[in-house]
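Chemist: With the sequence up front, the predicted model follows.
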Amino acid sequence: MSATVWRRDLLYSLRHPWVRAASWACAAAAALALAAVVFWLPLSQAQAALENEIAAKRREFVHTERAEELLRAYERARKEVVLLEKKLEHAATQAQLVENIGRLARKHGVRLRGESYEEGRSAGAQPTLTAELTVQGGYRALRGFMRDFATLPTWSEVQEVRLEKERKSTTVRGRIRVVTYRGVAADGKSS
């Protein structure tokens, strides 16, 4: 079939009223689609630009928030290092440590049933004093007692805890091992 015959048949079919109406409907739909694309494309680009701007602001906000959080953590660590250095320099005597532990026990309502202390020092390390405490009291009181070792003027760590509940009672008995790192006195000896 040649191109001229095909063109002649197409022109003949365009004479039918339904084909004309369908052609006008297709032309109107194409015009509406073109108008929609013309209006939609700039709006779509504006929306994409706005979304990119929001994402950039969000990244900037998160970055700023992380930087502030890091700064707060740094400041807190700097203060804690100063406090730790002060605690490590504190040359507490065994008598002072006994008094501090007794005061903590009274504050929390913990009964000290026994105490033993042992000097310790490794070559070149910070001098230590290990305390073995036999305690009795309520669970919350013992928990508060152990938590408050951080408030002592020396660096004291609870290294080991063994607790047992007494039968038919709310009282807890236990052994607590506390290591205290002490500073060196002016004469070069640990206190």
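Modeler: Done, it's in. Numbers count the residues shown, from 1 in each chain.
Chemist: and E118, that's in a strand?
Modeler: Yes. Counting by DSSP: H, G, I helix; E, B strand; the rest coil, E118 is part of a strand.
Chemist: quick one: low-confidence parts of the protein?
Modeler: Applying pLDDT under 70 to the chain flags residues 1, 121-125, 184-191.
Chemist: From E60, how far off is the residue nearest the centre of it?
Modeler: Centroid check for the chain by C-alpha atoms, centre = their mean gives E69 as the closest residue, at 9.8 Å. Separation of E69 from E60 (C-beta to C-beta, to the nearest Å) stands at 15 Å. Where you see a C-beta, it was placed from the backbone N, CA and C, and this is true even at glycine.
Chemist: Which residue ranges make up each domain of this protein?
Modeler: 1-89, 94-181 (automatic domain parsing).
Chemist: Just say which of the ones you listed is most tucked in.
Modeler: Of all the domains of the chain, domain 94-181 carries the top mean neighbour count, a mean of 15, counting by mean count of other C-beta atoms under 10 Å.
Chemist: start to end distance for that domain?
Modeler: From its first residue to its last, domain 94-181 covers 11 Å (C-alpha to C-alpha, to the nearest Å).
Chemist: where's that domain relative to the chain centroid, distance-wise?
Modeler: 30 Å (C-alpha atoms, centre = their mean, to the nearest Å).
Chemist: partners of the residue lying closest to S116 once chain neighbours are set aside in the sheet?
Modeler: In space, and not counting its chain neighbours, S116 is closest to E132: 4.6 Å by C-beta to C-beta, 6 or more residues apart in numbering. In this entry, E132 is beta-bridged to S116, R177, by DSSP bridges.
Chemist: From what I see, E132 and R162 are in contact.
Modeler: No. Using C-beta atoms under 8 Å, E132 is not in contact with R162, being 10.7 Å away.
Chemist: where do the contact lists of these two overlap?
Modeler: Taking C-beta atoms under 8 Å, 6 or more residues apart in numbering as the contact criterion, the residues that touch both E132 and R162 are 175-176.
Chemist: helices or strands next to the helix ranked longest in the chain in the packing?
Modeler: Identified as the longest helix of the chain according to DSSP state H is helix 17-89. If contacts are counted by 3 or more C-beta pairs under 8 Å, 6 or more residues apart in numbering; DSSP states H and E, helix 17-89 sits against strand 155-165.
Chemist: For the strand it packs on, give me every contacting residue.
Modeler: With C-beta under 8 Å, 6+ apart as the test, strand 155-165 has contacts from 84, 87-88, 97, 139, 142, 146, 149-150, 171-181.
Chemist: Sort out which of these are in strands and list them.
Modeler: Those of those mapping onto strands are 171-181, per DSSP state E.
Chemist: can I get those residues in TSV with distance to A46?
Modeler: Below are the ones in strands among the contacts of strand 155-165 laid out as TSV (distance: C-beta to C-beta, whole Å):
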residue	distance to A46
T171	73
V172	68
R173	73
G174	69
R175	72
I176	68
R177	69
V178	67
V179	66
T180	67
Y181	64
